[in-house]
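Peer 1: Coordinates for the following, if possible.
(chains A and B)
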Protein chains: 2
Amino acid sequence: MDFKIYYDSRKKLIEDFLEKRMAKKGISKVDDAMAYSLLAGGKRIRPVILMSTAEALGKKGYDYLPVACGLEMIHTYSLIHDDLPCMDNDDYRRGRLTNHRIYGEAMAVLAGDGLLTLAFEVMLEQKNVDKKVLIETVREIAMCAGNFGMVGGQGLDLEYEGKKVSADELRRMHAGKTGALFIAAVRGGARLAGSTSEQLTALTRFADLFGLAFQITDDILDVKGDAIELGKPIGSDEKNHKSTYVSLYTLDVARVMAAKTTAEALQCLEMFGENAEPLCEITRMMCNRRS
Amino acid sequence: MDFKIYYDSRKKLIEDFLEKRMAKKGISKVDDAMAYSLLAGGKRIRPVILMSTAEALGKKGYDYLPVACGLEMIHTYSLIHDDLPCMDNDDYRRGRLTNHRIYGEAMAVLAGDGLLTLAFEVMLEQKNVDKKVLIETVREIAMCAGNFGMVGGQGLDLEYEGKKVSADELRRMHAGKTGALFIAAVRGGARLAGSTSEQLTALTRFADLFGLAFQITDDILDVKGDAIELGKPIGSDEKNHKSTYVSLYTLDVARVMAAKTTAEALQCLEMFGENAEPLCEITRMMCNRRS
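Peer 2: Below you'll find the model as predicted:
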């Protein structure tokens, strides 16, 4: 399998779906602000993971594009709100000006609200899935995205600001802030593809470890990455006095942790044989990435 | 029928449901900020309307509390974001300090995000409804709340700021900003209760007229209301240079419009006989309200 071809083909399906969906215009210019951030490229890692997880269980990933792309809308809304002056106050994202720097703060708040709402509308358009399974999947995605997951993690991030946090607190914050949406992607793909409870347990553990490895890598890149490839300035965590796996453990230890966690994540996929090869490759890619 | 007893009993069911649901705590203090605004009283008009609409069709309103209360969460999130410094910059709401004045801007953004997300989680917990009907109902509520509805209307509000708007533009903005969620409440209640398409058409027209009468009354109260009863200062629309039905048509004409629109709304309910009496009373109440 040529992984690059695999990944690009899935990404293309996602980009096409998102573009087509955003061509259906709402009643105001909020749509432009929503499209600006949603159609700004990016790795589309969450929807690809959802599709690849379904494929690990022998199903076709493209059958689940509405739910997969809903996840990308949720991710994008969280970036828009995260960049706001009252939050991280970032000017650049993926090499372009942030949403509020183009459309103003008020419109950026609405663009985020609009994308979060549209995510649920789109996910509930999913066809060819048992209705009970769809309801349970979307309900769980909401739980992962809200005060029990991503929004809760962002809340902890605010609470911890300027404070020295413990390793446990850092882990809990990231489990919410970035981990929960990966769990939503993996479990969402698994549920839609009709996983057994044993498979769901293994995949949940995979998602948990993947999220951790992803975050440690992110923290390493904020210190050692390339500003142009990343599309944002280096050292923003330190500037914002944020605790990271690097500040808490040193760069060398963080690198070992990332490698070890990645290996453990890969082990969880062994039971799925070669169907899980794309998911394995995604995991390796995310841990060796430079942006 | 004693309408006050009727209304208070429905409101109590809603308050109890919301309190119980918020007792299930997420992982951060975002929950406190969410509860501060959600449990701050208010008329709970949207969830009551959903229940009363189901009752107009001969069903029990309390069977649909999860979807009804999801609407209240969506309404509350929109108020929190609307009050932000970058939006209307309001210090008071329902007689109490606004969310960001207590918890800070960043937390208020998250509290809104958390409530919007929780709304979908809770609505998808609805039991005893055909799954296909539930999916269609929640999907339509998302459409009414997002860039095709409420968020879109708020976008138009921003676009129109400081600009002289036409009657058509004002109507379109309010149809999104306040009307769409009333349509969601009425059509949601109707769908859940298994309405025929003829009933759904009549109720949709009712909701549309109700929303218009509600908004005109709101604009009148902003000029002639009582600051203490309203729990917010009078004249904020004029202060913020917002076009209203009063500024566009004069106070006297706005009053006639409100009365006429209310009468038309009531006509749409005639076909439902005495089952629709609570919905009629709610309509009369909202047009004679002082706060």
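Peer 1: What separation do you get for A:I220 and chain B?
Peer 2: Separation of A:I220 from chain B (C-beta to the nearest C-beta, to the nearest Å) stands at 25 Å. Backbone N, C-alpha and C define where each C-beta goes, glycine included.
Peer 1: quick one, helices of the stretch 101-250 of chain A?
Peer 2: Here the stretch 101-250 of chain A has its helices, by DSSP state H, counting those that start in this stretch, at A:105-123, A:131-145, A:150-160, A:167-174, A:180-192, A:197-224, A:227-230, A:236-239, A:245-249.
Peer 1: Select, out of those helices, the one closest to B:T244.
Peer 2: Taking C-beta to C-beta, helix A:105-123 is the member of the helices of the stretch 101-250 of chain A nearest to B:T244, at 19.2 Å.
Peer 1: Identify the residues contacting A:L110.
Peer 2: A:L110 makes contact with A:30, A:33, B:81, B:151, B:154-155, B:158, according to C-beta atoms under 8 Å, 6 or more residues apart in numbering or on different chains.
Peer 1: and if we set it to 6 Å?
Peer 2: A:30, B:151, B:154-155 (C-beta atoms under 6 Å, 6 or more residues apart in numbering or on different chains).
Peer 1: The stretch 151-291 of chain A against chain B: which residues are in contact?
Peer 2: Contacts of the stretch 151-291 of chain A with chain B, taken as C-beta under 6 Å from any C-beta of the partner chain, map to A:151-152, A:154-156, A:158-159, A:176.
Peer 1: follow-up on the earlier one: output the helices of the stretch 101-250 of chain A in JSON lines; the columns should cover mean pLDDT.
Peer 2: Output for the helices of the stretch 101-250 of chain A, formatted as JSON lines (pLDDT from 0 to 100):
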{"stretch": "helix A:105-123", "mean pLDDT": "98"}
{"stretch": "helix A:131-145", "mean pLDDT": "98"}
{"stretch": "helix A:150-160", "mean pLDDT": "96"}
{"stretch": "helix A:167-174", "mean pLDDT": "95"}
{"stretch": "helix A:180-192", "mean pLDDT": "98"}
{"stretch": "helix A:197-224", "mean pLDDT": "95"}
{"stretch": "helix A:227-230", "mean pLDDT": "64"}
{"stretch": "helix A:236-239", "mean pLDDT": "70"}
{"stretch": "helix A:245-249", "mean pLDDT": "92"}
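Peer 1: What about the residue nearest to A:T244 when sequence neighbours are not counted, how many residues nearby?
Peer 2: Closest residue in space to A:T244, ignoring its immediate chain neighbours: A:D219 at 3.9 Å, by C-beta to C-beta, 6 or more residues apart in numbering or on different chains. Neighbour count for A:D219, taken as other C-beta atoms under 10 Å in any protein chain shown: 25.
Peer 1: One more: A:E169?
Peer 2: 16.
Peer 1: How about A:D218?
Peer 2: Counted with other C-beta under 10 Å, A:D218 comes out at 20.
Peer 1: A:T283 - how many residues pack around it?
Peer 2: A:T283 has 25 nearby residues by other C-beta under 10 Å.
Peer 1: Tell me if it really is in a strand.
Peer 2: No - A:T283: not assigned to a strand; according to DSSP: H, G, I helix; E, B strand; the rest coil it is helix.
Peer 1: Which residues does stretch A:81-96 contact?
Peer 2: With C-beta under 6 Å, 6+ apart as the test, stretch A:81-96 has contacts from A:40, A:42, A:98, A:100-101, A:112, A:231-232, B:105-106, B:109.
Peer 1: on that earlier part again, mind giving me CSV with the contacts of A:L110 and columns for neighbour count and distance to B:V129?
Peer 2: Shown next, in CSV, are these (neighbours: other C-beta atoms under 10 Å in any protein chain shown; distance: C-beta to C-beta, whole Å):
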residue, neighbour count, distance to B:V129
A:V30, 30, 31
B:V151, 33, 26
B:Q154, 26, 30
B:G155, 30, 32
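Peer 1: Any chance of the residues you listed in TSV with distance to A:M285 as columns?
Peer 2: As requested, the contacts of A:L110 are exported to TSV (distance: C-beta to C-beta, whole Å):
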residue	distance to A:M285
A:V30	34
B:V151	35
B:Q154	39
B:G155	37
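Peer 1: What residues does A:D130 make contact with?
Peer 2: Residues in contact with A:D130 (C-beta under 6 Å, 6+ apart): none are found.
Peer 1: What separation do you get for it and A:G194?
Peer 2: Noted for A:D130: a distance of 8 Å to A:G194, by C-beta to C-beta, to the nearest Å.
Peer 1: about what we covered before: what's the most distant pair in the contacts of A:L110?
Peer 2: Within those, two members stand farthest from each other by C-beta to C-beta: A:V30 and B:Q154, at 7.6 Å.
Peer 1: Can you tell me which of the contacts of stretch A:81-96 is closest to B:Y6?
Peer 2: B:V109 (37.1 Å).
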